[in-house]
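Undergrad: Give me the fold of what follows.
(one chain, ligands or ions: 1)
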Amino acid sequence: MKILVTGGLGFIGSHTVVELQNEGFEVVIIDDLSNSSMDVLEGITAITGVKPHFEQLDLKDRSKVEDFFATHKDIAGIIHFAASKAVGESVQNPLKYYENNINTLVYILKELGKLQQQNFIFSSSCTVYGQADELPITENAPVKPAESPYGNTKQIGEEIIRDTCKVNPELKGIALRYFNPIGAHPTAEIGELPKGVPQNLVPFITQTAMGLREQLSVFGDDYPTEDGTCVRDYIHVVDLAKAHVVALQRLLQGKNKSNYEVFNLGTGKGSSVLEAIQSFEKVSGQQLNYKIADRRAGDVIAAYADTDKANDVLGWRTELTLDDAMASAWKWEQKIRRK
Ligand code: UD1
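TA: Just a heads-up that it's a prediction; the model follows:
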């Protein structure tokens with residue numbers, strides 16, 4: 001069965017391609033290589049023994065997108081990762097984000113509407129909840145006004161899919177709201193490759209330990225949490241990737257309860273920034289150079305998932321721990337710097 005993975009050479013996309021191939025799916029990747037590299041294709045091939053079909057394609061190029069779908073009418077499902085994801089950049093350049101994340105979604109949904117099988121999985125984010133009033137966060141928690149154009153593209157993206165599902169009963173969509181994906185494949189063949197200075201915590205930790213960054217700044221220690229630092233739900237990217245396969249199978253087997261569904265993907269466990277650092281120090285045997293700094297604008301105090309719906313309805317649960325994720329991120333960081 002042929003599955004299209006957009007952004008399939010990116011961080012979460014590449015791990016999902018591996019899990020799809022492990023389950024016997026035939027994968028076609030499209031990626032514009034704007035935030036990825038061809039080495040990732042080699043990594044996927046090294047892990048699975050199968051080289052997925054790859055086409056370099058900019059989804060903003062509508063006629064190329066139409067041509068692509070005209071030659072792949074047998075696609076049985078699409079997992080749509082391709083998007084820009086730097087929160088700060090989205091504030092500086094909102095139109096880039098609306099064009100990259102929204103225009104392309106519309107083009108893909110139009111093409112999907114022409115296919116025999118219209119199964120669609122969308123990468124959304126816990127960012128849609130903002131600072132939730134209640135923890136853990138269920139899928140029924142209200143969507144709060146977005147803090148950034150990036151966050152807004154996830155909210156608008158969900159609305160576009162939901163509205164399209166309402167008028168097209170053939171279309172089956174699932175939005176997956178990720179908490180904080182971290183880690184790398186245990187083989188260290190693929191992992192996260194941030195361009196420039198990492199904005200996210202774990203790549204900043206591993207780059208600091210590697211000597212690429214002088215010191216990690218912990219953004220705030222005066223939050224109303226146990227140790228004063230922000231709390232997040234860090235989920236191993238391999239667990240997250242597997243959830244995509246389960247969600248896709250749900251649609252392919254017609255097990256979905258309505259033609260638009262939303263699931264949180266997290267571990268259900270909140271960890272503070274200091275706990276994340278401790279986990280890294282434990283598994284790496286390295287002492288991390290860090291200091292307490294000012295709060296970062298836009299950070300929520302605490303966010304972790306209520307995983308009941310994903311556990312009960314999808315029948316998926318995480319298997320890997322924060323320590324597993326940190327160990328894999330560290331192994332990956334060491335491998336890419338040795339090259
Ligand atoms: C961020 C985005 C979120 C996006 C997600 C994608 C913001 C405000 N939020 O989530 O919209 O969906 O990335 O991966 O940018 N931290 C430090 N020092 C650092 C980096 C981070 O202390 O150098 C702290 C942050 O304050 C936060 C935690 O580490 O408490 C996690 O940060 P990060 O990895 O950037 O993820 P989020 O902010 O949760």
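
Undergrad: Tell me the residues of the stretch 101-250 of the chain that contact the ligand?
TA: Residues of the stretch 101-250 of the chain lying close to the ligand by Cβ under 6 Å from any ligand atom are 125, 127, 151, 180, 199-201, 204, 216-219, 230, 232. Yep, even glycine has a C-beta here, placed from its N, CA and C like the rest.

Undergrad: Run the chain-centre distance for the helix ranked longest in the chain.
TA: In the chain, with assignment by DSSP state H, the single longest helix is helix 149-167. Distance, stretch centre to chain centre, for helix 149-167: 16 Å (Cα atoms, centre = their mean, to the nearest Å).

Undergrad: Stretch 129-141 too?
TA: The answer for stretch 129-141 is 19 Å, by Cα atoms, centre = their mean.

Undergrad: just to revisit the earlier point, direction included, what does the next helix or strand after the longest helix of the chain pair up with?
TA: Next along the chain after helix 149-167, taking DSSP states H and E as the criterion, comes strand 172-178. Neighbouring strands of strand 172-178 in its sheet, by DSSP bridges, are strand 119-125 (parallel), strand 260-265 (parallel).

Undergrad: export those to JSON lines and tack on mean pLDDT and mean neighbour count?
TA: Listed next are those as JSON lines, based on pLDDT from 0 to 100; neighbours: other Cβ atoms under 10 Å:
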{"stretch": "strand 119-125", "mean pLDDT": "98", "mean neighbour count": "25"}
{"stretch": "strand 260-265", "mean pLDDT": "98", "mean neighbour count": "22"}
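
Undergrad: thinking again about what came up before, got the CA coordinates for the longest helix of the chain in CSV?
TA: The C-alpha coordinates for helix 149-167 follow below in CSV (Å, rounded to 0.1, in the frame of the first residue of the first chain):
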residue,chain,number,x,y,z
PRO,A,149,1.9,32.8,13.5
TYR,A,150,3.5,29.3,13.6
GLY,A,151,1.0,28.2,16.3
ASN,A,152,-1.8,29.9,14.3
THR,A,153,-1.0,27.8,11.3
LYS,A,154,-1.6,24.7,13.3
GLN,A,155,-4.9,25.9,14.5
ILE,A,156,-6.0,27.1,11.1
GLY,A,157,-4.7,23.9,9.5
GLU,A,158,-6.9,21.9,11.9
GLU,A,159,-9.9,24.1,11.0
ILE,A,160,-9.3,23.7,7.3
ILE,A,161,-9.2,19.9,7.6
ARG,A,162,-12.3,19.8,9.8
ASP,A,163,-14.3,22.1,7.5
THR,A,164,-13.3,20.0,4.5
CYS,A,165,-14.2,16.8,6.2
LYS,A,166,-17.7,18.3,6.9
VAL,A,167,-18.5,18.6,3.2
